[in-house]
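# Have a look at this prediction, sequence included:
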Amino acid sequence: MTAAAPPADAIESLRTIGREFHGRGWSLGTSSNYSVVVSREPLELLVTVSGKDKSALGRDDFVRVDAGGEVCDGSGRRSSAETLLHCTIAELIPSVGAVLHTHSPWGTILSGAELPAGSPAGDLRVAGYEMLKGLEGITTHDTEELVPIFANTQDMPELAERIHRRFAGLDFAAAGRPPLHGFLIARHGLYTWGRDLAAARRHVEIFEFLFECVVRSRMLPGSGG
Ligand SMILES: [Zn+2]
């Protein structure tokens with residue numbers, strides 16, 4: 001089985017997302033990267049080219065990569081440095097059709113505050129918010145969402161290995177609520193995904209809202225935060 005979305009449509013949708021996410025402060029200064037799964041067997045993703053301003057992505061600012069993150073479209077262009085993480089997520093979760101990565105202020109602050117110094121990984125727990133219902137499979141505010149946090153690195157194979165270990169044993173194929181909807185890299189940003197680009201975009205919006213709520217609520221007098 002192949003083809004999640006025609007690349008031409010996917011490219012236009014990703015360009016629109018780039019303009020929006022830059023405008024909302026989530027993808028500034030050439031940060032972030034976005035991908036869609038264009039083939040499952042073999043696994044291939046369309047991913048943003050390295051170092052592009054996300055407010056002005058051109059139609060040629062995307063490359064096709066294989067499961068190992070290697071460019072496979074013969075273009076000779078270089079994909080984003082974090083391409084391997086997109087491939088890892090798409091490989092680990094068979095239902096994934098798109099992966100979006102952002103560098104927002106709230107996610108950056110919160111992930112740094114939540115991860116104990118020197119720790120390779122931790123967890124953020126977000127509970128009780130109505131907006132949690134924007135995450136796939138969640139139907140009530142009366143729940144808790146677990147968001148793993150990984151220590152940052154420039155060694156993508158090493159980080160991909162940590163993600164593999166953290167996701168081991170989680171059942172993303174079961175019906176209903178998925179075990180995770182995204183993760184944070186400390187003082188860096190968010191990775192989230194969805195069965196298609198619209199779902200992944202919604203997850204970014206929901207997570208960014210929740211991260212801002214968590215940080216701002218800790219700033220209230222008497223919050224103890
Ligand atoms: Zn990044």
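That came through, no problem.
# Which strand or helix spans the residue most central in space within the chain?
Closest residue to the average C-alpha location of the chain: residue 191 at 2.0 Å, with Cα atoms, centre = their mean. Taking DSSP states H and E as the definition, residue 191 sits inside strand 189-194.
# If you average the pLDDT over that strand, what comes out?
Averaged over strand 189-194, pLDDT sits at 98.
# now the strands for this protein?
For the chain, applying DSSP state E gives strands covering 33-40, 43-48, 62-66, 98-102, 121-127, 144-150, 182-185, 189-194.
# Of these, which is nearest residue 202?
Nearest to residue 202, of all those, is strand 189-194, at 7.0 Å by Cβ to Cβ. Backbone N, C-alpha and C define where each C-beta goes, glycine included.
# which other helices and strands contact the closest one?
Under the contact criterion of 3 or more Cβ pairs under 8 Å, 6 or more residues apart in numbering; DSSP states H and E, strand 189-194 touches helix 83-92, strand 98-102, helix 105-114, strand 182-185, helix 197-218.
# hang on, the earlier thing: which one of the strands of the chain lies closest to residue 17?
It's strand 33-40; of the strands of the chain, that one is closest to residue 17 (Cβ to Cβ) at 6.1 Å.
# who's in contact with the closest one?
1-5, 7, 10, 13-14, 17-18, 43-48, 54, 64, 80, 82-83, 86, 90, 94, 96-101, 197 (Cβ atoms under 8 Å, 6 or more residues apart in numbering).
# and the angle from it to strand 62-66?
50 degrees (axes from the mean of the first three to the mean of the last three Cα atoms, to 10 degrees).
# and residue 89, how many neighbours does it have?
Per other Cβ atoms under 10 Å, the neighbour tally for residue 89 reads 24.
# which non-adjacent residue is nearest it?
Leaving aside its sequence neighbours, residue 89 sits nearest to residue 99 (Cβ to Cβ, 6 or more residues apart in numbering; 5.1 Å).
# my read: that neighbour touches residue 197, true?
No. Counting by Cβ atoms under 8 Å, residue 99 stays clear of residue 197, with 9.6 Å between them.
# Please read off the pLDDT at residue 224 from the model.
pLDDT, residue 224: 62.
# before we move on, back to that, the strand holding residue 191 pairs with which strands, parallel or anti?
Paired neighbours of strand 189-194 in the sheet (DSSP bridges): strand 98-102 (antiparallel), strand 182-185 (antiparallel).
# No more questions from me, cheers.
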